[in-house]
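[1] Provide a 3D model corresponding to the input given below.
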Amino acid sequence: MRKIKYKKGRKVKPTILEYTGIHKQVKSEMQLFVYDTDDLTEYAEFEVSQMQYCLETLKVNWLNIHGLNDIELIKSLGEYFNIDQFTLGDILNTTKRTKLDEYHDVLFFNQYCPK
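    Numbers count the residues shown, from 1 in each chain. As a prediction, this is how the structure comes out:
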């Protein structure tokens, strides 16, 4: 079993939303997967404005975000889903370790991917 070495990131205040990653020029993209035991629908190149039309409350809604450098996108998702400032800060801080948080109706998973 190999041990993962985590880079020490710059200290970021959790109340200030700041992207800490190195890929600042990568375009942010989202994918939405809506599924249950019988059906799977994928929405590629997904936009926040499509949220109200695509989310289904009786199914699992899995949102992937690739390229976290668009702070306005992250803020708009935070407003839509009522995500607290500390969790938004965790999303933008790419030097933190992998973590899983379970809220009353949301499962938040943040994966550290060393390059």
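[2] Could you list the low-pLDDT ranges of the protein?
    1-15, 112-115 (pLDDT under 70).
[3] Please identify which helix or strand holds the closest residue to Gln31 other than its chain neighbours.
    With CB to CB, 6 or more residues apart in numbering as the criterion, Gln31 has its nearest non-adjacent residue at 4.4 Å, and that residue is Asn64. Heads up, the C-betas are built off the backbone N, CA and C, glycines and all. Under the criterion of DSSP states H and E, Asn64 resides in strand 60-66.
[4] Now do Tyr80 against His23, distance only.
    Using CB to CB, to the nearest Å, Tyr80 is found at 24 Å from His23.
[5] correction: Gln52
    In terms of CB to CB, Gln52 sits 30 Å off from His23.
[6] go on, Glu47?
    When CB to CB is applied, the distance between Glu47 and His23 equals 20 Å.
[7] More neighbours: Gln52 and His23, which one.
    His23 (14 against 8; other CB atoms under 10 Å).
[8] Provide a list of residues in contact with that one.
    67, 69 (CB atoms under 8 Å, 6 or more residues apart in numbering).
[9] Since that was my last question, I'll sign off now.
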